[in-house]
Structure formats: structure tokens, C-alpha cells
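*Asks:* Build me a model from this:
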Amino acid sequence: MSLRSGFISAAIIASLACSVPHATAHEASGQLSRLSLLPLHDGLNTFESPLGPFSIFQAWRDNGNAWGYHMYVLTTVIDKRTSVIGIEGSTETPDHSFEDHLRDSPHTGEDALTTVQFAHGELDGKPATLLFEAIRNPKDGPVTSRGPTIIYIYSLVASDGVPGWTPLYFHFVKKIAVPGTFCSSDIALKVATGLPLSADAGPPSSPDGCFP
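*Replies:* As a prediction, the model looks like this:
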């Protein structure tokens, strides 16, 4: 990591000390530390978490052009049944919708628009399993154009039994805007968190993912 990227990463992680914008039973200030990537491959990936074992099923949806994507279904075993792990909508999601799967948007692999990564780490000093979703917006330009990136951070928690919610779910903690502009959400997420690139990410062409 370059010195500039290190300063950006430290500043972003420090910014997570702000409280989440709405109160929940799992409210946290959002201070992250000791991040380590959970590497994924196509098929079933199983990990331990502070709440017990869980799995991430990753599959590739090819459509014959640059708009294929990975789909992620998250599960755990509750009372001997495989149960879906949901994802809480962010404050910007209409009706705070509750999702039961995720998808990325890698485009060609060198100019990703949406990147999904999972990690172990500490949230406010306590062990946590985390989900990062980086969304890059090139605005009115082509996909390869520079654009700002927003990162949405989630933490795996247990439901309090509200009807319609899964027993475990990824609770929305915080969103952060990565300083600068990027040509790849993969690179923006790496700069913000210090986590390595995912195995499916294209090789970085420059510190911001843009070609000279």
C-alpha cells in the first residue's frame, strides 16, 4: 500500500467512529480494526463467525457480454435447517428493503462498478463478521470513466425475532464516501479498507484503477 493510500485508509476507518444514522437494537459507533479478508471461490464457502458457522454460496451468472455478475446467497443452520442470512437495507434503500441475496457488477474486471467482500475484524473493539459493498458511479460517462465510490458496511448479528427477518442477518452499520475518484470499485474498496483484492478482481492498472 502506498503512503497516500495508507493515509486515506486510516482516515476512512477513523471516520467510522460516527454513530449510525438510526437507532436499532444493534446500534454501534462503527469503529473498525483488525480486518482480514474472507476469500471466496465459486461454490460453497464456509467460515466461522462470533455467532457460529455460516456459508456463502458464490455463483457466476454469465450473459455473453461484459454484464455478467456473481450472485451470493448467505446461509447458516438453525435447528437442523439451512436458513438464509438476510441483508438489511441501508438508509437509502426504498422502504429499508430486506434482501436475501447479493450481486456484484465486475463489468470487464478492470472497471468494476460494484464489489462485494466479506471480512473478519473488530467492530467497536468486539469480534465481528463484516460485509463491504462498494458502489462506483461514473455518472454520465462510460463505465471506464472516473467516478466517486460509496462503501456500505454491514455486521452479522442475531435477529430479535421480528416477523419477516431471518434469524441471522447483516445489519447496516455505516456508509462512507471514499476520497477521490476511481475507475474500479475493487481498487476503491482496497484503498478504503486495506483488504487485498478479491481473486476475481482484474489486475490494478494504477493506484486509482484508471489507465494513464
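*Asks:* Run through the neighbouring helices and strands of the strand ranked longest in the chain.
*Replies:* When the chain is parsed with DSSP state E, its longest strand is strand 168-182. For strand 168-182, the helices and strands in contact under the criterion 3 or more Cβ pairs under 8 Å, 6 or more residues apart in numbering; DSSP states H and E are helix 3-15, strand 69-78, strand 86-87, strand 126-136, strand 147-158, helix 185-193. In this view, the C-beta of every residue, glycine as well, is placed from N, C-alpha and C.
*Asks:* What is the least confident helix or strand in this structure?
*Replies:* Within the chain, no helix or strand scores below helix 3-15, which has a mean of 47 by mean pLDDT, DSSP states H and E.
*Asks:* Give me the sheet partners of the very next helix or strand once past it and which way each runs.
*Replies:* Where DSSP states H and E defines the elements, the next helix or strand beyond helix 3-15 is strand 32-37. Take DSSP bridges as the rule and strand 32-37 pairs in its sheet with strand 114-123 (antiparallel).
*Asks:* CA atoms of the partner strand as PDB?
*Replies:* Only the C-alpha atoms of strand 114-123 are listed here, as PDB (Å, rounded to 0.1, in the frame of the first residue of the first chain):
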ATOM      1  CA  THR A 114     -20.000  -2.900  -7.600                       C
ATOM      2  CA  THR A 115     -17.700  -5.000  -5.400                       C
ATOM      3  CA  VAL A 116     -18.700  -7.300  -2.600                       C
ATOM      4  CA  GLN A 117     -16.300  -8.600   0.100                       C
ATOM      5  CA  PHE A 118     -16.500 -10.300   3.500                       C
ATOM      6  CA  ALA A 119     -14.100 -10.000   6.300                       C
ATOM      7  CA  HIS A 120     -13.400 -10.800   9.900                       C
ATOM      8  CA  GLY A 121     -12.400  -7.900  12.200                       C
ATOM      9  CA  GLU A 122     -13.400  -5.900  15.200                       C
ATOM     10  CA  LEU A 123     -16.300  -3.500  15.400                       C
END
